[in-house]
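**Student:** sequence below, structure please.
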Amino acid sequence: MITVNSLSGGKTSSYIAANYPADYNVFALVRTNDKNCLYPDKKLRQEVSDRIGTEFIGTLEDDVIIETMLDLEQFIGKKIDWVTGKAFDEIIIRKDKKYLPNVTQRFCTSEMKLKPLFDWWHETINEVVEMRLGFRANEGSRAKTMLSKVNDNGNLEFKTIIGKRKTQNKWKDIEWQKPNFPLIKDNIYKDKIELYWQDKDVRFAYMNNCIGCFHRSPVLLKYMSDKHPNKFEWFINAESNGYGQRTFKNGMTYDQIRNSLKQVKLFEEDFNECDSGYCGL
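**Tutor:** Numbers count the residues shown, from 1 in each chain. You can find the predicted model right below:
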């Protein structure tokens, strides 16, 4: 069976790429068209555009993630396929109105991570693959949740449009991946991964995933609003520009989060991985 390493830009999935060679390594890039979030290096902006086949303006993740993936490709000595879907600005537009994702409706993950991965798979491979995912030995519950979604063949399916039936789309569930968790199997924890990367020439962001990820605690989001003000402003604007009452987090707006704890100085060491949230693929 063809093997694929699904990369997020974090140390864990990068550890898999470095230690569990696969037929393919693939990374899904979250984009924004907001020029206030412009990636600062023009040359690298063009390189990313060439890799993804569309204009790259910026990402709503930490900019370091671009360096991570370029460094990692050099480190493992093997090509990494970059994929991307619609920009975040586009997926929240539904029939000329804005519709924001939240914890219960995480269509951002589906549209910006899963769909571009599936489209790449369909065009490049188009047969069921073994998909290696970065769940560590203490994340068995995440693996169990994912395995609860497999079909009778032990494979995950993706619902996609395969044609038209008069005026309506024709949908089909297509088998595409058999999830595999090598770090759980080999009892690999975070400490071993951190130790592995200590002396390696791969740069990593403080935290990967979107700056304004709604899985994160309000206190961590406040810290991110100070660390990445332009990117956090994107999330504030998404809630405030006449898009109705929907917010990313229940009971509070991102503007309220940004303006909270004004007298408190927050530091990176105030947070750990349990605060960070994640996009579960």
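
**Student:** which strand or helix spans residue 158?
**Tutor:** Using DSSP states H and E, residue 158 sits in strand 156-165.

**Student:** now for that strand, which elements pack on it?
**Tutor:** On a contact count with 3 or more Cβ pairs under 8 Å, 6 or more residues apart in numbering; DSSP states H and E, strand 156-165 meets helix 115-124, strand 168-180. Heads up, the C-betas are built off the backbone N, CA and C, glycines and all.

**Student:** among those, which is nearest residue 140?
**Tutor:** strand 168-180 (13.0 Å; Cβ to Cβ).

**Student:** partners of the closest one in the sheet?
**Tutor:** Using DSSP bridges, the strands paired with strand 168-180 are strand 129-132 (parallel), strand 156-165 (antiparallel).

**Student:** most tightly packed of the ones you listed?
**Tutor:** strand 129-132 (a mean of 21; mean count of other Cβ atoms under 10 Å).

**Student:** the stretch 101-250 of the chain: helices as residue ranges?
**Tutor:** Under the criterion DSSP state H, counting those that start in this stretch, the stretch 101-250 of the chain carries helices at the ranges 107-109, 115-124, 140-147, 182-185, 190-197, 218-227, 229-240.

**Student:** any chance of those in TSV with mean pLDDT, mean neighbour count and distance to residue 35 as columns?
**Tutor:** As requested, those are exported to TSV (pLDDT from 0 to 100; neighbours: other Cβ atoms under 10 Å; distance: least, Cβ to Cβ, whole Å):
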stretch	mean pLDDT	mean neighbour count	distance to residue 35
helix 107-109	90	19	21
helix 115-124	97	18	22
helix 140-147	94	14	36
helix 182-185	98	18	38
helix 190-197	96	14	33
helix 218-227	93	20	19
helix 229-240	94	19	10
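
**Student:** reformat these as CSV; add distance to residue 75.
**Tutor:** CSV is the format used below for those (distance: least, Cβ to Cβ, whole Å):
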stretch, distance to residue 75
helix 107-109, 27
helix 115-124, 22
helix 140-147, 26
helix 182-185, 18
helix 190-197, 10
helix 218-227, 26
helix 229-240, 27
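
**Student:** tell me which of these lies nearest to residue 9.
**Tutor:** helix 190-197 (12.8 Å).

**Student:** can you list the helices and strands that the closest one packs against?
**Tutor:** When contacts are defined as 3+ Cβ pairs under 8 Å, 6+ apart, helix 190-197 packs onto helix 11-19.

**Student:** specify the angle between the helix it packs on and helix 190-197 in degrees.
**Tutor:** On the basis of axes from the mean of the first three to the mean of the last three Cα atoms, to 10 degrees, helix 11-19 is oriented at 60 degrees to helix 190-197.

**Student:** can I get helix 11-19 in PDB? Just the C-alpha atoms.
**Tutor:** The C-alpha trace of helix 11-19 is given here as PDB (Å, rounded to 0.1, in the frame of the first residue of the first chain):
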ATOM      1  CA  LYS A  11       7.500  19.000  15.500                       C
ATOM      2  CA  THR A  12       5.500  15.800  15.800                       C
ATOM      3  CA  SER A  13       4.400  15.300  12.200                       C
ATOM      4  CA  SER A  14       7.900  16.500  11.100                       C
ATOM      5  CA  TYR A  15       9.400  13.800  13.400                       C
ATOM      6  CA  ILE A  16       7.300  11.300  11.400                       C
ATOM      7  CA  ALA A  17       8.600  12.700   8.100                       C
ATOM      8  CA  ALA A  18      12.200  12.300   9.400                       C
ATOM      9  CA  ASN A  19      11.900   8.900  11.000                       C
END
